[in-house]
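A.B. asks: A structural model of the following input is requested.
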Amino acid sequence: MAVFIFYNIQLLPNDDSAEVGVQGYKKLFTLLRDKNKNKVREKRHLDYHFNLNKNSYIGPYNFFSETGAINGNFVRYSDTDNVSELLTDKAIFDHESKPNIVVVGKKKFPFIFDAKKHILGIEKNAAPAEDFIKLEEILMYFLKDISDEHFPEYTLTVNLMSSPNELERILDNAIYYKSVEVNLIAPNGEDAEDILDEMRTSKMQRLLIKGSSGGANMSSLPDFIKNILPSAQTHGKIKLRYVTKIPNSTNNETKISSYDSEKSPLTFTLRTSKSDSDERNFLRRCLRRAVAFLERKESEQVSHDED
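C.D. replies: Modelled structure (predicted):
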């Protein structure tokens, strides 16, 4: 079983450059594959992979090129500064050193990348201690140098896609609001609407909106903020401080709570099946199901907005 979370990965034009399209996004991950393969073969993977703590590392593991997509695995492992082979599942001893030094605690995390939607789905457990912002940092670490070198006329952005369910619950139950912060990133592709479309057309890459009630309470969020929230779930970040009634309170007591979209990821779960002949076949099925899931979520959001 795999539980995927999703990151929107974008290469935003800095000027009048054309959008990179499917080929460009697939190239981004193909270059990551090639760079990782070279680093491992040169036995420099410990210098290249992201150091989580002490001797714990995470990095790309293997890649499967598909039509309009690239799937594969990241790997987290513990290692000394001796050589281990990460291109296969075989650990290689460094016989010039102690014979018992190998890669230990190896754990693979599947990922799927739809180059058309430029959305990466990756196993939730890849995030250290469910720190999804840390995982965002890790992804940026591996992709930023490639982006800077091969896409110099573009700005790379990576943002977690958040679940609409928790936010809807808050909007339904909050009686007052203390503060709101919305950070929007302009979109690529043809799916932009309203403010996102205006941002893309004007080449504005980021929009930050902050609002506060000061020492008072906001009885509701302004309509223009509400209209932006759905876009921020897929192309940005949302933070709220709000007031709700304490359940079962006899004196109508209230409490102040906080919401951070970066702690509430959109998730998709898929179990392995007997029809999965191998790992590549399983990842292909994950990609198909995840794309259908995302399209369904998008359709539900459009219907909700129209209501």
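
A.B. asks: can you give me the helices for the stretch 201-307 of the chain?
C.D. replies: In the stretch 201-307 of the chain, the segments counted as helices under DSSP state H, counting those that start in this stretch are 223-235, 279-306.

A.B. asks: quick one: buried residues of the last one?
C.D. replies: Neighbour-count burial for helix 279-306, with 16 or more other Cβ atoms under 10 Å as criterion, is recorded at 279, 282-287, 289-291, 293-294, 297. Using the backbone N, CA and C atoms, a C-beta is placed for each residue, glycine as well.

A.B. asks: just checking, what packs against it?
C.D. replies: strand 2-13, strand 56-66, strand 69-78, strand 104-114, strand 119-123, helix 223-235, strand 267-270 (3 or more Cβ pairs under 8 Å, 6 or more residues apart in numbering; DSSP states H and E).

A.B. asks: what's the closest of those to Leu32?
C.D. replies: Nearest to Leu32 among these is strand 56-66; the distance by Cβ to Cβ comes to 6.1 Å.

A.B. asks: If you count neighbours, what's buried in that closest one?
C.D. replies: Neighbour-count burial for strand 56-66, counted by 16+ other Cβ under 10 Å, picks out 57-64, 66.

A.B. asks: Next, give me the two most distant ones among the residues you listed.
C.D. replies: By the measure Cβ to Cβ, Tyr57 and Glu66 form the most distant pair in those, at 26.8 Å.

A.B. asks: need the helix or strand of this protein with the lowest average pLDDT.
C.D. replies: Least confident element among the helices and strands of the chain, by mean pLDDT, DSSP states H and E: helix 194-202 (a mean of 65).

A.B. asks: measure stretch 156-164 end to end?
C.D. replies: With Cα to Cα, to the nearest Å as the measure, stretch 156-164 spans 25 Å from end to end.

A.B. asks: How about residues contacting that stretch?
C.D. replies: Residues outside stretch 156-164 that contact it (Cβ atoms under 8 Å, 6 or more residues apart in numbering): 5-12, 119, 132-133, 136, 139-140, 143-144, 147-148, 185, 205, 230, 233-238, 261-262, 264-267, 297, 301.

A.B. asks: Are any of the residues you listed buried, and if so which?
C.D. replies: Buried by 16+ other Cβ under 10 Å: 5-12, 119, 132, 136, 139-140, 143, 147, 185, 205, 230, 233-238, 261, 264-266, 297, out of the contacts of stretch 156-164.

A.B. asks: how far out from the middle of the chain is stretch 173-184?
C.D. replies: 23 Å (Cα atoms, centre = their mean, to the nearest Å).

A.B. asks: cool, stretch 279-299 as well?
C.D. replies: With Cα atoms, centre = their mean, you get 15 Å for stretch 279-299.

A.B. asks: would Lys117 count as being in a helix?
C.D. replies: No. Using DSSP: H, G, I helix; E, B strand; the rest coil, the assignment for Lys117 is coil, not a helix.

A.B. asks: Leu208 against Asn183, yeah?
C.D. replies: Yes. Using Cβ atoms under 8 Å, Leu208 makes contact with Asn183 at a distance of 5.2 Å.
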